[in-house]
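Asker: missing the sequence, but the structure's below:
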């Protein structure tokens, strides 16, 4: 197709100037959305199975507290990768279901939507942690601070590895990979506890504390890089 024909086609299919554009724009509702309304709106888009999973973990902890007596910490800690999986899965749900481009063209930026949803899930996981912590502490023989560190390490490890994997994989593959990571961390925690009599030994706690600090910093970095990737994706499609 030569240049002249391209020019003719462009002139033929050129859209006419919009009429009464300013009047139309002025007639649009100008009411903004508050931060609370925005967060509630995004919370409604989080799948119901996520909330059901948190309720199931808490119920299992209550059952374990009744039957396992003073040996519940390992059970609760092994369940912590599951809410972490929900957190990681939400970070890549738009790409997994082919909705990323649609959400990029919505009223709110994909980065702000993702930040809101991850914040909501993070607060929900924190609430679940504070509900499980007294159960694990009262049905265990470890100090409260040590109990919290033992519980958070598998959660942070799952989020850290899951976010790294979700940025490198694509679509449904990322979801399956993150699921495998959560399952591997949970089963690995159980096996390590069963095989090692010194798993929760007092002399090993400095190593657990160091792991907790490193995983906390690494997880924060992975969250920041995930949000940055979403922003770069918007610019690449702009």
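Answerer: The structure has been received and is ready for your questions. Just so it is clear, the model here is predicted, and its values are computed rather than measured.

Asker: Can you tell me the closest non-neighbouring residue to residue 205?
Answerer: Among residues not flanking residue 205 along the chain, residue 146 sits closest, at 5.8 Å (C-beta to C-beta, 6 or more residues apart in numbering). For every residue, glycine as well, the C-beta is placed using N, CA and C.

Asker: residue nearest the centroid of the protein?
Answerer: residue 87 (2.3 Å; C-alpha atoms, centre = their mean).

Asker: pretty sure that residue is touching residue 159, no?
Answerer: Yes: with contact defined as C-beta atoms under 8 Å, residue 87 counts as touching residue 159 (5.9 Å).

Asker: circling back: who touches the residue nearest to the centre of the chain in this structure?
Answerer: When contacts are counted by C-beta atoms under 8 Å, 6 or more residues apart in numbering, residue 87 is found next to 118, 121, 122, 125, 159, 162.

Asker: Averaged over its residues, which helix or strand of this structure has the lowest pLDDT?
Answerer: helix 100-104 (a mean of 52; mean pLDDT, DSSP states H and E).

Asker: Name the residues that touch the host helix or strand of residue 50?
Answerer: Assessed by DSSP states H and E, residue 50 sits inside helix 48-67. Under the contact criterion C-beta under 8 Å, 6+ apart, helix 48-67 has outside partners 72, 75-76, 79, 82-83, 86, 90, 121, 124-125, 128, 131-132, 135-136, 138-139.

Asker: Report the rounded mean pLDDT for the lengthiest helix in the chain.
Answerer: Counting residues, the longest helix found in the chain (DSSP state H) is helix 205-237. Averaging pLDDT along helix 205-237 gives 82.

Asker: now for it, which elements pack on it?
Answerer: helix 100-104, helix 110-138, helix 144-168 (3 or more C-beta pairs under 8 Å, 6 or more residues apart in numbering; DSSP states H and E).

Asker: Thanks again, I'm all set now.
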